[in-house]
Structure formats: C-alpha cells, structure tokens
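*Asks:* Make a model of this:
(one chain, ligands or ions: 1)
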Amino acid sequence: MIPPKNILEHIRHIQNRAYTCVDLTIYYLERIKEHNQQLNAFVQVYADSALQQARELDDHIKQNKPLKRLHGVVIGIKDLIAYQKHPLTAASKILEGHYAPFTATALQKLIDEGAIIIGSQNCDEFGMGNSNRNSIYGPVKNFLDQTKTSGGSSGGSAVAVSAQLCMVSLGTDTGGSVRQPADFTGIYGFKPSYGRVSRYGLVAYASSFDQIGVLANDLYDIALVLEIMAGRDPHDDTSSPLVVDSYSKELTLENTHTKKYKIAYFDSIFNYKYLESGIKKNVLETIDTLRTLGHTVEAVPFDYLDYIVPIYYILTTAEASSNLARYDGIRFGYRATANTLKEQYTKTRTEGFGWEVKKRLMLGKFVLSSQYLDNYYLRSLKIRQLLLTATTDIFAQYDAIIMPTVPMHAWDIEGHKKNIEQDYLSDIFTVYANLVGIPAMSIPLYRHKENNMPFGLQIMTASFNESLLVQFANYILKTVQKQ
Ligand code: GLN
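*Replies:* Purely as a prediction, here's the structure:
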C-alpha cells in the first residue's frame, strides 16, 4: 500500500473504496512494528482501540452514511495529551501507571470527525527540552539520519510523521516544541495563537505559553486539523471565542497568488552568533526572491533578541514550579515508600522527576521567592509586555514576520551536551512566538549542503490571523520554492 499524500487524497481513496479504514490502520501498525524499535517515536501503540475505531468507521461507510472530515485519518499524540482510559505519563517516572481520566477537547474534536488514534508519542519530560533526551523512554532517532536528534520536545511526534508511522501528530509547543522538531525532520509544524486551541487535557508545563500544535507532511493536513480542533471550549477559559475560519479553504483561494505581501524580519537575527552560515544564506535568498516577486520585505529594528531566551526560561520555570506542584505521590502515578507524609512528598518528587525537570522547578521557585521576585519574575513580565507592544506595532505595518526556525541544524544524539549555553539558546527563534502568543509555522523549504538534512523557514502572523499564515505559507511553497 502507498500511504496517501495528504488527507484530501485519503478521503478520495476512502470514497473510491481504494482501501478501508482497517486496511490503513493495519498498514501504519505494521510500519510502527517495523521501525519503532529503532526510532523510539511511539511509547504506546493502541492497536486494539485503533482497530476498533477503524471497524466502526468502516461500518459507517457500509451503511452509506456521509463521510466525516477526518474519516479514518490515522493520528498519533504526544504523551502530554489526554486520551481517556489510555496511559498518560508526560515521559516521566512520576506519572508511571497513570491513565487519562478524560480526553483533551482538541483531541475529542478530531475523534468526533473520524480520526483514529494509533498511539502516544515520546517527548521530553513534561515538554522540557529540545532533543528528546529528557525522556524516561530515552531519545528519539531522526528517521532521516539515525545518528541525529529528532529535536524536541515533540520528537516522537515529528519522527512518527516523517517516517510515515502515522499521517498526522498532535504535539505541544511552549517555546518551539512543535516547530523545532518539524524543522529537524523535514515536515510542517504549526503552533496556533495562544487561545486558539483549548488546553483542556494538555498536561501543563507553562500555562501562559502552552498550545497544542500540529505536525504533518502536508500543509493541507495542518490547515484542516487546525480548523477542526480550534475554537472556544467552556473547559478552558483562555480559549478564544473568535470565529474559526476554514484554513483549508485558504489553500484553494484564487487570489492567493496575486496578493503583494508586506513582510518584516528582525535586523539583529542575521548577526546572531550561533546562526549557521548555511541557514543564514538560504533564508536571505528567500528574502531576495520575495523582493524579486514584488513583495515588500524590510528589516525592522528588534532590540530584544538577547532578552527573549532568559525571560522565557524565567517565566516558564516559574509557571512550571506551580503547575508541577500537584505531583505529590498522592493523587497521580508514582509514589515512593516512606514513613512520614513529608518524607513521602520529598522521596516521590526526588525519585519521580528527572534531572532537567528538577533543575527547572528549583529555578522557578528561586525566581518567585520574595527576595528575587522583583529582579527576575516581575522584570521578565515587563519585558514580555514590551515585546507584545513591539509586536503589535510590527503587525500594524506588516502581514508577516519571517526568520529561520532554528539557528543550527539537527545535532548528533551523542556528545551534544557540551555547550549548555548554545543548547538553551537554540530556542531563540521559536520562543518569541510563545512569549507574545502569535501563530507560527515551520515549513520544510531547505536542505543543508553538507549533510542533506532538512530545515525550515519560520513564518508568523498577528494573533488569530491563522488564515493569513496558511495563505502565506501556501504562497511560499507554490512560488518561492519553485524559483
Ligand atoms: N525547548 C524549550 C524548553 O525546553 C521548548 C519546549 C516546549 O516548547 N515544550 O522549554
């Protein structure tokens, strides 16, 4: 069987009875069997429940009922997204043996439209990391070169899509965890505006940053899945009541290719010390091409580049230290044996959390402590506000901002941890969108000259302007990429 190119083609195949939902599910289960031991992308495979879903969807067809919008689309979910009665561990020992008591709203909406959930995917513990090495299940290998990292924290979700172990994955993005692994594995990764998609049923890392995002091999799949899972949810007060457009329809609009875009880029980015020359060269070439095509592409001053990673780590660790306080060994997962309650809390958390999570929880407590609150936490909030104002000003004049997704290419799994500063700073181009809540997408446009590994261009639009983002991405794919 040749897997469908995208959901559009899949629905056509289902309509023409080219295969059944059961056939397709078995196809992906076999691929998982063949590749997962090496890649380590899935941590749980839901063969029984997936096949059960597939049979029901096939019965639906036999009864000549109309097809659902995702009829039989095989989806994997990051191990941070709740799927009722299925394991949910956040790749952490502390959630060992925990089962989700309900299904995340975003996921439920996909299931209601016919999506089949094939399994849960490896990630950094609680989403904290960028190489999938902070996982109780071990690192994920990049399908395109198994000596290279998948990226993270949604490493399993990205590799599963890139290796065709499922059609689409749901990941989560707090500071780049959908876009960065998408960049490293040659696929699309989309982070919606903050509030566009419900966070109900998403294991919290930093609540004012977290969003569920989509990873796919095709822009159409991103657009369709996003429009289905977006929208107001009474279970999440930060979800937006704004109308959700049909993003997938944007891809067929006639006028897409005649519009002249106004695009901004940050002047400071191309002098960034860790930006690899090959990435710089390719993105600058794209800027030139866009100009040749008659668009306005301008450098805008951006004085915050040195601040965004530090304030991201101050604010997210502060929020994490509060969110992760609930893992006390009483209500969820792992419980250490101890003689007193206090000892039980301490031992459970000491044994249950991995090193990176503990480091961040301590940092979070530190920046919130009365002595340091003003200097770190509150000051970071002020800078976040300045960033927000600067961003609003930019979008008053421009349609989109472009930049690389990641300053370096997928590094080796072994021996990477040498330069810790460089490691944290590799998030520099992705955390910005989460700090200001705008939608952002990595599109797989480029290849590194020296090793042929893929990398992406990141594009962003104003908050809740996902339609324009999809439209602009489509334009770039159809026009710029062809040059
Ligand atoms: N690498 C970033 C971090 O470790 C982003 C993680 C994420 O988006 N979940 O915080």
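
*Asks:* need the contact list for Gly72.
*Replies:* Going by Cβ atoms under 8 Å, 6 or more residues apart in numbering, Gly72 touches His10, Ile14, Thr20, Cys21, Leu24, Thr25, Ala54, Leu57, Gly114, Ile116. Placement of C-beta: from N, CA and C, glycine included.

*Asks:* and the second one, what helix or strand is that in?
*Replies:* For Ile14, the host element (DSSP states H and E) is helix 7-15.

*Asks:* which residues are in contact with that helix?
*Replies:* Contacts with helix 7-15, where a contact means Cβ under 8 Å, 6+ apart, come from 4, 18-21, 24, 61, 67, 70-73, 167-168, 218, 220-221, 224-225.

*Asks:* Helices - which of those land there?
*Replies:* Cys21, Leu24, Ile61, Tyr220, Asp221, Leu224, Val225 (DSSP state H).

*Asks:* Contact partners for the nearest residue in space to the fourth one that is not next to it in sequence?
*Replies:* Excluding its sequence neighbours, the residue lying closest to Tyr220 (Cβ to Cβ, 6 or more residues apart in numbering) is Asn6, at 4.8 Å. Residues touching Asn6, when contacts are defined by Cβ under 8 Å, 6+ apart, comprise Ala216, Asn217, Asp218, Tyr220, Asp221.

*Asks:* Which member of those residues is positioned nearest the ligand?
*Replies:* Nearest to the ligand among the contacts of Asn6: Ala216, at 17.8 Å, using Cβ to the nearest ligand atom.

*Asks:* next one: phi and psi at that closest one?
*Replies:* Note on Ala216: backbone dihedrals following degrees, to the nearest 10 are phi -160, psi 170.

*Asks:* what number of residues lie near the residue nearest to Gly175 when sequence neighbours are not counted?
*Replies:* Spatial nearest neighbour of Gly175, chain neighbours left out: Val431 (4.1 Å); criterion: Cβ to Cβ, 6+ apart. Val431: 21 surrounding residues under other Cβ atoms under 10 Å.

*Asks:* For Val431, give its distance to the ligand.
*Replies:* Going from Val431 to the ligand by Cβ to the nearest ligand atom, to the nearest Å gives 7 Å.

*Asks:* Tell me if I'm right that that residue and Pro310 touch.
*Replies:* No: the criterion here is Cβ atoms under 8 Å, and Val431 misses it with Pro310 at 10.0 Å.

*Asks:* What are the neighbouring residues in contact with the nearest residue to Glu414 once chain neighbours are set aside?
*Replies:* Nearest residue to Glu414, sequence neighbours excluded (Cβ to Cβ, 6+ apart): Thr147, at 7.4 Å. Thr147 is in contact with Lys141, Asp412, Ile413, Glu414, counting by Cβ under 8 Å, 6+ apart.

*Asks:* On the three-state scheme, Thr147 is what?
*Replies:* The three-state label given to Thr147 by DSSP: H, G, I helix; E, B strand; the rest coil is strand.

*Asks:* For the contacts of Thr147, which PyMOL command selects only the ones that are buried?
*Replies:* Written as a PyMOL command, the selection of buried residues from these, which uses 16 or more other Cβ atoms under 10 Å, is:
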select buried, resi 141+413
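
*Asks:* In the stretch 351-483 of the chain, what residue comes closest to the ligand?
*Replies:* Asp427 (4.7 Å).

*Asks:* Can you tell me the element that residue falls in?
*Replies:* Using DSSP H and E, Asp427 sits in no helix or strand.

*Asks:* Name the nearest residue to the residue positioned nearest the centre of the chain, sequence neighbours excluded.
*Replies:* The residue lying closest to the centre of the chain (Cα atoms, centre = their mean) is Val178, at 2.0 Å. In space, and not counting its chain neighbours, Val178 is closest to Gly213: 3.5 Å by Cβ to Cβ, 6+ apart.

*Asks:* For the one you found, the count of nearby residues, please.
*Replies:* Other residues lying near Gly213 total 32 when counted by other Cβ under 10 Å.

*Asks:* just so I have it, where are all the strands in the stretch 1-150 of the chain?
*Replies:* Under the criterion DSSP state E, counting those that start in this stretch, strands of the stretch 1-150 of the chain are mapped to 42-45, 74-78, 116-121, 141-142, 145-149.

*Asks:* Compare these and give me the one nearest Gln385.
*Replies:* Among these, the nearest to Gln385 by Cβ to Cβ is strand 74-78 (30.2 Å).

*Asks:* Pairing partners for that closest one, with directions?
*Replies:* Each strand that pairs with strand 74-78, with its direction, by DSSP bridges: strand 116-121 (parallel), strand 168-173 (parallel).

*Asks:* So which residues make contact with the first one?
*Replies:* So that's strand 116-121. So strand 116-121 is contacted by 21, 25, 28-29, 32, 41-46, 49-50, 53-54, 57, 72-79, 81, 83, 86-88, 107, 111, 154, 156-157, 160, 165-166, 169, 171 (Cβ under 8 Å, 6+ apart).
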